[in-house]
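K.L.:
coords below, sequence missing:
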């Protein structure tokens, strides 16, 4: 039995979740509540000492890191639905895209997302409780990120991240203007892992991601949102965050 | 015929080079001279538009990104020597380590390396020529890195990178104190990709990497340096940088 420890269907949590839905595998989701810092509680750190979701438990094995989990599912469960090309060059192209999202694209979008959404959550907590919670975070860089979110990220950081978001969106558009999918001519983990970060930008960054300026990216977002697996995932697994209300 | 466009056997260039030597594949190396910014020349940007080495050319295909190239070699050339576990969980463990070196470990070591070695190179160039060269760099973040190297990285940046180097070395030691290899019980791309960054730290960072404090890491470095493939690589492919003289 596969168990996915996860937040809602966004960002890194979305990657293995959507892969599992696409592959039609049976699995259980254990939702953690980021607003309660559940991923930093001892019971979860016994599963992933880094205190990070997603984590996949497959019988007695724990697999961490969203992109690694996605490739694990392809390796271990060769279902009829394949999310990775069969040929070596296709796989390499796919991995250039999954690597890029993990090393570049996800970080700039994440900082702006934290500034807009996590900041409110971090500020709603009293000083003492905040310090208690930060102490439980195993990764020092994540502690710093929580502190920055609470204090507000410096404007120079936000400006630089917005510049990188622009670079990222132009890179995606350049590829998607001429190709249906990111790697080769099939739907792969390259699409799923980039969709995990890009989906929602048409609402959160409408001045950058829109029909006029990024028609290829918009079509690709619509195409993925239209897939039965994506629809089923969004119907079955609720988000934590809504644009029109406070975090749950 | 495989052609590897590469710097000398260190950092990211070492990864696919050592994998090729280990696998005993026939290949040609085209050495680029970083001191002459050859990787930013038009002829090379026609091969890799990012202007980055290593890049592998396999017949009519170009594969970029050192870690991606390593996995490509495993996918495309299933030699007797295997550098990737056969089982899915082993592969996942290996990928957690190759991902970590690309996202965390390589960056902190790289900054200190640039401060120590590239700075001199960048300062030896006249203002006008420096600007000309920087203009030819396709990736904006790389342009910034060259400018920082020339001006000297801010002390706060160097301090933070040294902190991360400490975290990295402790992480490697914790694993290597109890295991011969990083992922599972075989020599894999996890070892090669981390060795690419860690080798030389026993000389460049002797106050952190030494027999007393990191015996597991020291044994692992010696073990890899002792492999026939590693020895052959270092014998056949010269370094650009020596600790006792100026860059070539």
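P.N.:
Yes, it's here. Owing to the predicted nature of the structure, the values given are computational and were not obtained by experimental measurement.
K.L.:
residue boundaries of the strands in chain A?
P.N.:
A:2-6, A:27-31, A:55-58, A:61-64 (DSSP state E).
K.L.:
can you put those strands in JSON lines and add mean pLDDT, distance to chain B and mean neighbour count?
P.N.:
Placement of C-beta: from N, CA and C, glycine included. As requested, these are exported to JSON lines (pLDDT from 0 to 100; distance: least, Cβ to the nearest Cβ, whole Å; neighbours: other Cβ atoms under 10 Å in any protein chain shown):
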{"stretch": "strand A:2-6", "mean pLDDT": "98", "distance to chain B": "12", "mean neighbour count": "21"}
{"stretch": "strand A:27-31", "mean pLDDT": "97", "distance to chain B": "16", "mean neighbour count": "15"}
{"stretch": "strand A:55-58", "mean pLDDT": "98", "distance to chain B": "8", "mean neighbour count": "22"}
{"stretch": "strand A:61-64", "mean pLDDT": "98", "distance to chain B": "5", "mean neighbour count": "19"}
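K.L.:
got those strands as CSV, with distance to residue A:81 columns?
P.N.:
Listed next are the strands of chain A as CSV, based on distance: least, Cβ to Cβ, whole Å:
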stretch, distance to residue A:81
strand A:2-6, 15
strand A:27-31, 14
strand A:55-58, 18
strand A:61-64, 19
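K.L.:
of all those, which lies closest to residue A:170?
P.N.:
Minimum separation from residue A:170 across the strands of chain A (Cβ to Cβ) falls at strand A:2-6, 30.6 Å.
K.L.:
summarise which helices and strands the closest one is packed against.
P.N.:
Packing contacts for strand A:2-6, counted by 3 or more Cβ pairs under 8 Å, 6 or more residues apart in numbering or on different chains; DSSP states H and E, involve helix A:11-23, strand A:27-31, strand A:55-58.
K.L.:
show me what the shortest one is packed against.
P.N.:
Contacting strand A:55-58 under the criterion 3+ Cβ pairs under 8 Å, 6+ apart are the following elements: strand A:2-6, strand A:61-64, helix A:66-76.
K.L.:
residue A:107 is nearest to which of those?
P.N.:
That would be helix A:66-76 among those, by Cβ to Cβ, at 13.7 Å.
K.L.:
now do the closest one: distance to the chain's middle.
P.N.:
Relative to the chain's own centre, helix A:66-76 is displaced by 15 Å; criterion: Cα atoms, centre = their mean, to the nearest Å.
K.L.:
what's the angle from that helix to strand A:2-6?
P.N.:
170 degrees (axes from the mean of the first three to the mean of the last three Cα atoms, to 10 degrees).
K.L.:
which residues touch helix A:66-76?
P.N.:
The contact list for helix A:66-76 (Cβ atoms under 8 Å, 6 or more residues apart in numbering or on different chains) reads A:12-13, A:15-16, A:19-20, A:23, A:25, A:54-56, A:58, A:63, A:82-84, A:98-99, A:101-102, A:189, A:192-193, A:196, B:88-89, B:91-92, B:95-96, B:99.
K.L.:
which of these count as buried?
P.N.:
Burial by neighbour count, 16 or more other Cβ atoms under 10 Å in any protein chain shown: within these this picks out A:12-13, A:15-16, A:19-20, A:23, A:54-56, A:58, A:63, A:83-84, A:98-99, A:101-102, A:189, A:192-193, A:196, B:88-89, B:91-92, B:95-96, B:99.
K.L.:
so what's residue A:41 closest to, chain neighbours aside?
P.N.:
What sits nearest to residue A:41 in space, not counting adjacent residues and going by Cβ to Cβ, 6 or more residues apart in numbering or on different chains, is residue A:136, at 7.3 Å.
K.L.:
swap that for residue A:223, please
P.N.:
Nearest to residue A:223 is residue A:180, by Cβ to Cβ, 6+ apart, at 7.4 Å.
K.L.:
and for residue A:109?
P.N.:
Nearest to residue A:109 is residue A:197, by Cβ to Cβ, 6+ apart, at 5.2 Å.
K.L.:
and the one you found, what does it touch?
P.N.:
Residue A:197 neighbours (Cβ under 8 Å, 6+ apart): A:11, A:101, A:105, A:106, A:109.
K.L.:
closest to residue A:45 among those?
P.N.:
Among these, and counting by Cβ to Cβ, the member closest to residue A:45 is residue A:11, at 20.1 Å.
K.L.:
is it true that the closest one touches residue A:102?
P.N.:
No - using Cβ atoms under 8 Å, residue A:11 is not in contact with residue A:102; the gap is 11.3 Å.
K.L.:
what residues does chain A put near chain B?
P.N.:
Counting by Cβ under 8 Å from any Cβ of the partner chain, the residues of chain A close to chain B are A:58, A:61, A:63-65, A:67-69, A:71-72, A:75-76, A:88-89, A:91-92, A:95-96, A:99, A:102-103, A:140, A:167.
K.L.:
kindly state the pLDDT recorded for the nearest residue to residue A:176 once chain neighbours are set aside?
P.N.:
Distances taken as Cβ to Cβ, 6+ apart place residue A:216 nearest to residue A:176, at 3.5 Å, with adjacent residues excluded. Per-residue pLDDT puts residue A:216 at 98.
K.L.:
and residue A:216, how many residues sit next to it?
P.N.:
Residue A:216 has 16 neighbours, counted by other Cβ atoms under 10 Å in any protein chain shown.
K.L.:
just list the residues touching it, thanks.
P.N.:
A:172, A:173, A:175, A:176, A:177, A:178.
K.L.:
now, of those, which are buried?
P.N.:
A:172, A:173, A:175, A:176.
K.L.:
now the first one: closest residue in space that isn't a chain neighbour?
P.N.:
Counting by Cβ to Cβ, 6+ apart, residue A:217 is the residue found nearest to residue A:172 once chain neighbours are left out, at 5.2 Å.
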